[in-house]
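Engineer: need a 3D model of the following:
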Amino acid sequence: MMQPLVILLLVRQLGLPDWMVGILLALAGVGGILGALVAGPVAGALGRARVIWLAELVCVPSFLLLPAAGAGLQMVLFAAGYMLLHVALSVFNVANLSFRQAICPDRLLGRMNASVRFLMWGALPLGALVGGLAGEHLSARGGLVVAGLGVFLAVAVLLASPLRSMRDLPMEAQS
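Structural biologist: Numbering: from 1, shown residues only. Down below sits the predicted model:
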């Protein structure tokens with residue numbers, strides 16, 4: 001949902017020049033690389049289970065900085081939020097995939113990964129469609145707020161799950 005709304009916000013609502021939009025969107029890549037670099041040390045320090053929900057928790061305030069985009073300091077907040085969001089998403093993805101692979105029996109790894117990818121990657125076009133519709137009917141800012149509430153709900157689900165009480169993998173999965 002986020003990506004079409006971010007583009008609508010930056011291009012249509014704020015009227016930013018192409019080069020500035022490109023730089024701002026490139027921050028996602030920078031954040032992703034930084035997140036991949038720190039994912040291992042962060043998971044080691046905080047715990048491989050705990051970092052999953054903590055990374056998602058970082059996504060909420062980061063995401064909510066996006067609709068605040070505007071001139072001057074507001075654009076700096078957008079840029080910081082956009083990059084930090086992608087750092088946290090990268091840490092989440094590395095931790096989540098590592099955790100799933102560690103607890104899944106070897107004989108089921110292919111099926112598990114295929115199922116998860118189908119669900120997660122299959123949701124992307126639907127999210128983009130909903131994001132585009134939200135941008136059309138609510139404005140890009142309004143759509144980003146709605147998407148941010150969706151991120152908050154995802155965090156709530158994780159916080160209600162058994163992961164919240166775990167620091168690391170279950171003992172049987174560590175052997």
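
Engineer: what about the helices in this structure?
Structural biologist: Counting by DSSP state H, the chain has helices at residues 2-7, 18-46, 50-64, 73-103, 109-138, 140-160, 171-174.

Engineer: export the ones you listed to CSV and tack on mean neighbour count and mean pLDDT?
Structural biologist: All C-beta spots, glycine's among them, are computed from the backbone N, C-alpha and C. As requested, these are exported to CSV (neighbours: other C-beta atoms under 10 Å; pLDDT from 0 to 100):
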stretch, mean neighbour count, mean pLDDT
helix 2-7, 21, 90
helix 18-46, 15, 95
helix 50-64, 21, 91
helix 73-103, 19, 92
helix 109-138, 13, 89
helix 140-160, 17, 90
helix 171-174, 10, 56
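
Engineer: quick one: the spatially most central residue of the chain from Pro17, how far?
Structural biologist: By C-alpha atoms, centre = their mean, the mean C-alpha position of the chain lies nearest to Leu89, the distance being 3.8 Å. From Leu89 across to Pro17, the span is 27 Å (C-beta to C-beta, to the nearest Å).

Engineer: can you check Leu10 too?
Structural biologist: Counting by C-beta to C-beta - Leu10 and Pro17 are separated by 10 Å.

Engineer: that older thread, can you name the residues that contact the residue nearest to the centre of the chain?
Structural biologist: Leu89 sits next to 31-32, 35, 55, 59 when contact means C-beta atoms under 8 Å, 6 or more residues apart in numbering.

Engineer: which one of these is nearest Arg167?
Structural biologist: Ala55 (14.6 Å; C-beta to C-beta).

Engineer: surely the closest one meets Ala95?
Structural biologist: Yes. Contact between Ala55 and Ala95 holds when scored by C-beta atoms under 8 Å: they sit 6.4 Å apart.

Engineer: tell me who's in contact with Ile52.
Structural biologist: 92, 95-96, 99, 158, 163.

Engineer: and with 10 Å instead?
Structural biologist: Ile52 makes contact with 43, 46, 91-96, 98-100, 158, 161, 163-164, 166 under the criterion C-beta atoms under 10 Å, 6 or more residues apart in numbering.

Engineer: may I see the contacts of Leu89 arranged in JSON lines, with distance to Val76 as well?
Structural biologist: As requested, the contacts of Leu89 are exported to JSON lines (distance: C-beta to C-beta, whole Å):
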{"residue": "Gly31", "distance to Val76": "15"}
{"residue": "Gly32", "distance to Val76": "20"}
{"residue": "Gly35", "distance to Val76": "20"}
{"residue": "Ala55", "distance to Val76": "23"}
{"residue": "Cys59", "distance to Val76": "19"}
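
Engineer: ok, these vs Phe152, which is closest?
Structural biologist: Cys59 (9.0 Å).

Engineer: nearest residue to that closest one other than its sequence neighbours?
Structural biologist: Leaving aside its chain neighbours, Cys59 sits nearest to Ala88 (4.9 Å; criterion: C-beta to C-beta, 6 or more residues apart in numbering).
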